[in-house]
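> next input, structure requested:
(one chain, ligands or ions: 1)
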Amino acid sequence: MAEPIVPKDWPADGGRYDAIVVGAGHNGLIAAGYLAKAGKKVLVLERREIVGGATVTEEFWPGWMLSTCSYVCNLLLPEVVEDLELRRFGYDIRPFDPQYFVPFLDGSHFMSSLDGRKTRQQIAKFSQHDVVAYDAYWAMWDRILERMKPLLLKPAPGWAEIEERFGGAQGLEDWRTLTMKSIVEVLEEYFESEQIKAPLSTGGVIGVNAGPRTPGTAYVKYHHLIGSVGGHQGAWGYVRGGMGSIANALAGFGRERGVEIATGSEVAEVEILDGVARGVRTVDGRTYRADVVLSNADPQRTFLRMVGEGRLPEAFAASVKRIRAKGSVVKVLLGLGELPDFTAMPGTAVGPQHTGGIVINPSVDWLETAWDDCKRGHPSRRPFMDCYIQTATEEGLAPAGKHTMSLYVQYAPYDLAEGTWDGRRDEIGKTIIDTLALFAPNISGAIEHMEVLGPPDIERIVGITGGNIFHGEIMPDQMFQFRPVPGFADYRTPVDGLYLCGAGAWPGGAVFGAPGRNCALEVLADLGSEAGALAAD
Ligand SMILES: Cc1cc2nc3c(=O)[nH]c(=O)nc-3n(C[C@H](O)[C@H](O)[C@H](O)COP(=O)(O)OP(=O)(O)OC[C@H]3O[C@@H](n4cnc5c(N)ncnc54)[C@H](O)[C@@H]3O)c2cc1C
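Okay, the predicted model is just below:
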């Protein structure tokens, strides 16, 4: 990299820094935190008035607090929690139990719990064979998770390292499972009952334009098992106060270390001098200078808008355009006067059917059919949904006696084959509620407030191109050395001094923190700083 020197006479009415981070998503805040911890003077510029990006909790209606986008947590790196002292700044996570309640249309249900014995009893309701299979299934994932673990805390591995990690007995088969199989193919190797395969298949399609029988969806499932909460591998949890508490804790650590965070500051352009990124210009015309610029925005927004195609190698720009980053996720936020009354487990008093995840996907074919609609440009007529009622186990997020409910729904395409999102948002929302009502008939009458956010809304609010929840799908052909594009999987870009630190970089999306952390360590190495300094205090 060229000498990190910004000419003194280059205008900088906004100020001069060691590093500028564009975007205060959790990854941007993490990168800023690590750089500040290493003694760097850091500025974070965020276009919204609040920090967090897709990791925010907002008051949608007076007294109702909902996490606008991400709503539950599994992947957040323990290293980040420790290094950036997040607990001291209010971060508090608890696994929910049961992990999943899955109602079926015949009035039966399946529940998966933190306690493996309880889960096995539930599986036994449907198949004794599957009780035994469950252990073998988890042993397979444990092996793959173990192989992948060391590859997550640094730039994407090359072939030699992958070959080494996937050596030994079952190595090739594990690699094939991880990168080539569909989630259904994997599940069918182990289980016979539909009631087990159906809920386990949903993790394979989160955030991707694919159905459960699409090759590569096993990787997506793996990605959602990476973390652990409360010592339970693969378990998910609620963050006290909502997911925005993570962003607030990160901002708290950063500010204590001198990070300046300017909200309401959208970057229009990365400014490049003699081929090196030396600062940014905001949409309101202010200029800021730094030795390095880190972008937390998605790859397409970063390169095609803030850098500009004309300043990039042609082949690189073409690869960026090819990234699959169109979303098909709908988020529905509800304010409820009473809890959903499930036919499969009746009652509107808080019960186990309300305290964890509620999976609406009674069969693998239900999910595949939902995708069939979407791939033709239509919203799913019977969508899959993953629902959470955080207020069932936490006070202070809704008015007394009321509940919030967060629905993560697939699928509805960014580009609709018929009509527009503005014209169809209400109809799409109604289909989702009608589907939920098949399982909890009181739901329509319980709704006091409702907000439907489709992919274009997510794009508008969070600034993610295409509204893709992971800044680009996390299918295997967009992971490893291919993330964000082939040849640039180490956070560096064709523009010296410009780095990518968001979910579009390896090892990908979710509230994870690995791209932000890894990128900061690479920046520090390029600046000649001792990464060891990070562990100093
Ligand atoms: C609906 C939805 C549900 C999800 N559910 C979950 C979940 O439950 N659990 C989970 O782990 N993950 C979930 N995810 C995924 C996860 O939230 C994201 O992958 C992750 O938060 C991305 O983090 P990031 O910091 O890389 O980027 P982002 O959170 O996208 O942050 C990027 C930031 O950059 C800012 N920005 C962009 N351009 C500019 C500019 N020009 N100038 C200044 N600022 C700019 C944006 O405003 C934004 O704040 C969900 C995502 C969505 C959208």
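> test my guess that Ala503 contacts Asn27.
Yes - counting by CB atoms under 8 Å, Ala503 does reach Asn27; the two are 6.3 Å apart. Quick note: C-beta positions are derived from backbone N, CA and C, even for glycine.
> so what's in contact with the two at the same time?
Here Ala503 and Asn27 have 512, 515 as joint contacts, going by CB atoms under 8 Å, 6 or more residues apart in numbering.
> which of those two has more neighbours?
Neighbours per residue, other CB atoms under 10 Å: of Ala503 and Asn27, the larger number sits with Asn27, 35 against 32.
> residue contacts, the more buried one?
Contacts of Asn27 by CB under 8 Å, 6+ apart are 53, 296, 501-503, 512-513, 515-516, 519.
> cool, and Asn518?
Contacts here follow CB under 8 Å, 6+ apart; on that basis Asn518 touches 153-155, 491, 505-506.
> swap the cut-off to 6 Å and go again
By CB atoms under 6 Å, 6 or more residues apart in numbering, the contact list for Asn518 reads Lys154.
> give me the element it is part of.
Here Asn518 sits within helix 514-526, counting by DSSP states H and E.
> hmm, back to that, Produce a ChimeraX select command limited to the buried residues of the contacts of Asn27.
One line in ChimeraX is enough to select the buried ones among the contacts of Asn27; burial here means 16 or more other CB atoms under 10 Å:
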select :53,296,501,502,503,512,513,515,516,519
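> near the ligand, from the contacts of Asn27?
With the criterion set as CB under 6 Å from any ligand atom, the members of the contacts of Asn27 near the ligand are 53, 296, 502-503.
> which residue packs closest to Gln390, ignoring adjacent ones?
If the residues on either side of it in the chain are set aside, Gln390 comes closest to Tyr238, at 5.4 Å by CB to CB, 6 or more residues apart in numbering.
> what bridges to that neighbour?
For Tyr238, the beta-bridge partners under DSSP bridges are Arg94.
> for it, list the residues it contacts.
Residues near Tyr238 by CB under 6 Å, 6+ apart: 94, 96, 390.
> what would those residues look like in TSV with pLDDT, distance to Leu45 and neighbour count?
Listed next are the contacts of Tyr238 as TSV, based on pLDDT from 0 to 100; distance: CB to CB, whole Å; neighbours: other CB atoms under 10 Å:
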residue	pLDDT	distance to Leu45	neighbour count
Arg94	97	33	13
Phe96	95	35	22
Gln390	98	31	26
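> export those residues as JSON lines, with columns for distance to Ser380.
Output for the contacts of Tyr238, formatted as JSON lines (distance: CB to CB, whole Å):
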{"residue": "Arg94", "distance to Ser380": "32"}
{"residue": "Phe96", "distance to Ser380": "26"}
{"residue": "Gln390", "distance to Ser380": "25"}
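> any low-confidence regions in the stretch 1-150 of the chain?
Within the stretch 1-150 of the chain, the stretches with pLDDT under 70 are 1-9, 11.
> next one: the chain
Counting by pLDDT under 70, the low-confidence segments of the chain come to 1-9, 11, 530-537.
> point out the residues in the stretch 251-400 of the chain that sit beside the ligand.
Residues of the stretch 251-400 of the chain lying near the ligand (CB under 6 Å from any ligand atom): 266-267, 296-297, 301, 306, 329, 331.
> looking at those residues, which are in strands?
Counting by DSSP state E, those place 267, 329, 331 in strands.
> pick the one among those closest to Trp366.
Nearest to Trp366 among those is Val329, at 17.0 Å by CB to CB.
> show me what contacts that closest one?
With contact set as CB under 6 Å, 6+ apart, Val329 has these partners: 410, 469.
> now swap in Gly53 and tell me
In this structure, Gly53 makes contact with 25, 462, judged by CB under 6 Å, 6+ apart.
> list phi and psi for it.
When quoted as degrees, to the nearest 10, the phi and psi of Gly53 stand at phi 60, psi -120.
> need the contact partners of the lengthiest helix in the chain.
Across the chain, the longest stretch assigned as helix under DSSP state H is helix 128-148. The contact list for helix 128-148 (CB under 6 Å, 6+ apart) reads 120, 123-124, 165-166, 174, 178, 190-193, 196, 225.
> among these, which two are most distant?
Between all members of these, the farthest pair (by CB to CB) comes out as Ala124 and Arg165, at 35.6 Å.
> out of the two, which sits in the more crowded spot?
Counted by other CB under 10 Å, Ala124 and Arg165 do not tie: Arg165 has more neighbours, with 19 against 13.
> from the ligand, how far off is that one?
Taking CB to the nearest ligand atom, to the nearest Å as the measure, Arg165 and the ligand are separated by 24 Å.
> on that earlier part again, what would the ones in strands among the residues of the stretch 251-400 of the chain next to the ligand look like in JSON lines with distance to Arg376?
Below are these laid out as JSON lines (distance: CB to CB, whole Å):
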{"residue": "Val267", "distance to Arg376": "37"}
{"residue": "Val329", "distance to Arg376": "17"}
{"residue": "Lys331", "distance to Arg376": "22"}
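> quick one: which of those is nearest to Asn468?
When these are compared for distance to Asn468 (CB to CB), Val329 wins out at 8.1 Å.
> now the contacts of Asn27 as TSV including distance to Phe104?
Shown next, in TSV, are the contacts of Asn27 (distance: CB to CB, whole Å):
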residue	distance to Phe104
Gly53	36
Asn296	41
Cys501	43
Gly502	39
Ala503	34
Phe512	32
Gly513	36
Pro515	38
Gly516	40
Cys519	44
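> which two in the contacts of Asn27 are spaced the farthest apart?
Greatest spacing in these, by CB to CB: Gly53 and Cys519 (15.1 Å).
> follow-up on the earlier one: mind listing what's buried in the longest helix of the chain?
130-131, 133-134, 137-138, 140-141, 143-145, 147-148.
> residues in contact with the helix or strand following that helix: which ones?
For helix 128-148, the following helix or strand on the C-terminal side (DSSP H and E) is helix 159-165. If you take CB under 6 Å, 6+ apart as the criterion, helix 159-165 is touched by Arg147.
> how about stretch 434-447?
103, 334, 336-338, 340-342, 382-383, 433.
> can you turn the buried part of these into a ChimeraX selection?
Applying 16+ other CB under 10 Å to those, the buried members can be selected in ChimeraX as follows:
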select :103,334,336,338,340,341,342,382,383,433
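> take the contacts of stretch 434-447 and keep only those in helices.
Taking DSSP H as the definition of helices, the contacts of stretch 434-447 contribute Ile433.
> among the contacts of stretch 434-447, which are in strands?
103, 334, 336.
> and the last one, what is it in contact with?
The neighbours of Leu336, taking CB under 6 Å, 6+ apart as the test, are 403, 405, 446.
> which of these fall within helices?
Using DSSP H, the members of these that fall in helices are Ala446.
> including neighbour count and distance to the ligand, could the contacts of Leu336 go into a markdown table?
A markdown table is the format used below for these (neighbours: other CB atoms under 10 Å; distance: CB to the nearest ligand atom, whole Å):
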| residue | neighbour count | distance to the ligand |
| --- | --- | --- |
| His403 | 24 | 18 |
| Met405 | 26 | 14 |
| Ala446 | 19 | 22 |
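> can I get the contacts of Leu336 in a markdown table with distance to Arg460?
What follows is the contacts of Leu336, written out as a markdown table (distance: CB to CB, whole Å):
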| residue | distance to Arg460 |
| --- | --- |
| His403 | 27 |
| Met405 | 23 |
| Ala446 | 28 |
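> and the contacts of Leu336, which is closest to Asp13?
Met405 (46.6 Å).
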